[in-house]
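K.L.:
have a look; sequence and predicted model below, questions after that.
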Amino acid sequence: MTEKEIRTIKKYYTRPVTAAAYLCTGLLSMFIWIFLDMIRSVVFHLSGSCMEVAYVAIAILLIYMVLFLFQGVSVIWGVRRKKWEVIQEKAHTYLSYTDRSAEVLAANTAIAAGRLMSRSGDDRVKTAGDISTAVGGLIGLHAIVSILFEIRKSAKRIADALGMKLPSVKLRVAVIILVPLVLQLAVATPYYVQAVRESREGAARAAVVLEKLEQVFEASCDRAYADDPMEYYKDYGYRVTGYLEHEDNDTESYLSATVNNDGVVEEITYSLDIDVNASKEDNIAQAKADLARLNRALRSADVPFLSPNLGEEHTLREDFIALFQQNSYYENCRSYYDEEGLFIGYYTESQEDYNDYSSSYIYMTVEPPEEEG
């Protein structure tokens with residue numbers, strides 16, 4: 001065997017493995033990007049997608065597919081050349097290969113059918129066409145990889161017949177797999193570090209406002225509770241609540257303020273308890289008194305509001321009171337005041353389902369008006 005022939009045998013032994021590694025890792029890079037994007041969203045609470053990581057993943061996919069095709073085609077075409085026949089003759093090893101024509105035909109048929117269906121005006125047929133094209137592509141790739149590994153087995157048998165030592169491909173495969181992972185992590189890590197810093201800063205801003213509101217609610221209400229941003233970060237904001245306990249000590253009204261990570265109050269909610277055993281007039285009077293007390297506590301707090309209407313005086317509207325009075329205690333009702341960012345509703349259960357564990361209450365939310373939201 002000449003040195004060139006020895007190199008050819010080694011090349012046909014190693015390239016099928018590295019070609020398959022390029023193919024699998026190129027496709028895997030897209031899943032790595034999706035996984036890193038999930039971490040970005042779930043763990044670090046960042047919205048949107050990190051396009052820099054996506055660009056790296058796409059670049060890796062394109063480069064690795066080119067390398068896969070180059071190495072795969074060079075091996076497949078190489079074994080059809082005269083020099084490979086000469087090598088087999090010298091090794092006295094004549095090998096046959098599995099006929100893959102049916103597999104290739106199936107791949108081409110699925111791809112052709114998929115392209116035809118993609119022209120349909122029916123979305124379901126288009127989706128089926130996309131699936132068919134993808135399946136055809138996978139069948140084709142499987143056929144190529146199968147041919148490459150048959151060639152690799154042939155190269156190994158020839159090497160064994162000649163007593164030739166073949167090189168290990170483990171290191172090459174490890175490098176092929178690790179390079180995309182390292183590149184994508186290198187691009188994503190700065191964003192993760194920035195996200196951690198921003199989340200801590202946001203939590204600290206929210207904590208200042210939550211503490212002020214909690215102190216005010218503790219002084220003005222019967223008890224208060226606030227989320228701790230330093231214990232658990234929430235990208236959707238934190239709540240601080242002040243409770244008013246009624247004489248039966250079993251029902252209560254409350255006010256809840258939502259504070260975002262900019263340290264700004266962005267939503268107010270009131271829940272005003274209704275006693276179905278009392279008269280409508282007594283319930284309205286009690287609800288007004290509870291609302292006035294809770295609202296005074298809110299307005300006495302020196303905190304920023306996302307919109308001025310959040311920190312203004314809030315009262316039950318007369319049209320809602322009229323709607324509440326004309327219905328029974330066991331009928332829900334609601335009123336919307338979108339231009340003012342106000343919603344008022346009454347929630348209860350049907351008379352048939354009402355029991356000792358049931359509750360009835362007026363629920364009121366105040367948000368920035370639509371034009372400000």
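P.N.:
Now that the structure is in, tell me what you want to look at. Residues are numbered from 1 along each chain as shown.
K.L.:
and residue 359, its phi and psi?
P.N.:
phi -140, psi 150 (degrees, to the nearest 10).
K.L.:
that one: neighbour count?
P.N.:
For residue 359, the neighbour count with other C-beta atoms under 10 Å is 14. Yep, even glycine has a C-beta here, placed from its N, CA and C like the rest.
K.L.:
and it, what pLDDT?
P.N.:
Here, the pLDDT recorded for residue 359 equals 91.
K.L.:
which ones are touching residue 108?
P.N.:
Taking C-beta atoms under 8 Å, 6 or more residues apart in numbering, we find residue 108 in contact with 136, 140.
K.L.:
mind listing what's buried along the strand or helix carrying it?
P.N.:
Element membership for residue 108 (DSSP states H and E) is helix 101-117. Neighbour-count burial for helix 101-117, counted by 16 or more other C-beta atoms under 10 Å, picks out 103, 107, 110, 111, 113, 114, 117.
K.L.:
can you give me the strands for the stretch 201-350 of the chain?
P.N.:
223-226, 238-245, 252-259, 265-273, 333-337, 342-347 (DSSP state E, counting those that start in this stretch).
K.L.:
so, low pLDDT: which residues of this protein?
P.N.:
Residues of the chain meeting the criterion pLDDT under 70: 44-49, 95-96, 247-251, 371-373.
K.L.:
surely residue 207 touches residue 228?
P.N.:
Yes - here residue 207 reaches residue 228: they are 7.5 Å apart, a contact under C-beta atoms under 8 Å.
K.L.:
got the angle for the helix or strand containing residue 143 vs helix 101-117?
P.N.:
Using DSSP H and E, residue 143 sits within helix 123-162. Angle between the axes of helix 123-162 and helix 101-117 is 160 degrees (criterion: axes from the mean of the first three to the mean of the last three C-alpha atoms, to 10 degrees).
K.L.:
tell me the buried residues in helix 123-162?
P.N.:
128-129, 132-133, 135-136, 139-141, 143-145, 147-148, 150-152, 154-155, 158-159, 162.
K.L.:
what does stretch 300-319 give?
P.N.:
For stretch 300-319, burial by neighbour count (16+ other C-beta under 10 Å) applies to 301, 303, 305, 306, 307, 309, 310, 311, 314, 316.
K.L.:
which ones are touching the second one?
P.N.:
Residues in contact with residue 303, defined by C-beta under 8 Å, 6+ apart, are 209, 212, 213, 259, 265.
K.L.:
tell me which of those is nearest to residue 369?
P.N.:
Taking C-beta to C-beta as the measure, residue 369 lies nearest residue 265 of these, at 15.1 Å.
K.L.:
contacts for stretch 63-70 next, please.
P.N.:
Contacts of stretch 63-70 with the rest of the structure, by C-beta under 8 Å, 6+ apart, involve 19, 20, 22, 23, 25, 26, 29, 176, 180.
K.L.:
residue ranges for the helices of the chain, please.
P.N.:
3-42, 51-78, 82-91, 101-117, 123-162, 170-220, 280-299, 318-326 (DSSP state H).
K.L.:
residue 367 is nearest to which of those?
P.N.:
Among the helices of the chain, helix 280-299 sits nearest to residue 367 (C-beta to C-beta), with 14.3 Å.
K.L.:
hang on, the earlier thing: could you check the angle helix 51-78 makes with the helix holding residue 143?
P.N.:
Following the same axes, to 10 degrees, one obtains 50 degrees for the angle between helix 123-162 and helix 51-78.
K.L.:
now the angle between helix 3-42 and helix 123-162, please.
P.N.:
140 degrees.
K.L.:
helix 123-162 packs against which elements?
P.N.:
helix 3-42, helix 51-78, helix 82-91, helix 101-117 (3 or more C-beta pairs under 8 Å, 6 or more residues apart in numbering; DSSP states H and E).
K.L.:
can you show me the CA trace of the last one as PDB?
P.N.:
This means helix 101-117. Extracted C-alpha coordinates of helix 101-117, given in PDB (Å, rounded to 0.1, in the frame of the first residue of the first chain):
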ATOM      1  CA  SER A 101     -32.500   2.900  -4.000                       C
ATOM      2  CA  ALA A 102     -35.900   2.200  -2.400                       C
ATOM      3  CA  GLU A 103     -35.100   4.400   0.500                       C
ATOM      4  CA  VAL A 104     -33.900   7.200  -1.800                       C
ATOM      5  CA  LEU A 105     -37.000   6.800  -3.900                       C
ATOM      6  CA  ALA A 106     -39.200   7.100  -0.800                       C
ATOM      7  CA  ALA A 107     -37.400  10.200   0.200                       C
ATOM      8  CA  ASN A 108     -37.800  11.900  -3.200                       C
ATOM      9  CA  THR A 109     -41.400  10.900  -3.400                       C
ATOM     10  CA  ALA A 110     -42.200  12.300   0.100                       C
ATOM     11  CA  ILE A 111     -40.400  15.600  -0.800                       C
ATOM     12  CA  ALA A 112     -42.200  15.900  -4.200                       C
ATOM     13  CA  ALA A 113     -45.600  15.200  -2.600                       C
ATOM     14  CA  GLY A 114     -44.900  17.700   0.100                       C
ATOM     15  CA  ARG A 115     -44.000  20.400  -2.400                       C
ATOM     16  CA  LEU A 116     -47.200  19.700  -4.400                       C
ATOM     17  CA  MET A 117     -49.400  19.900  -1.300                       C
END
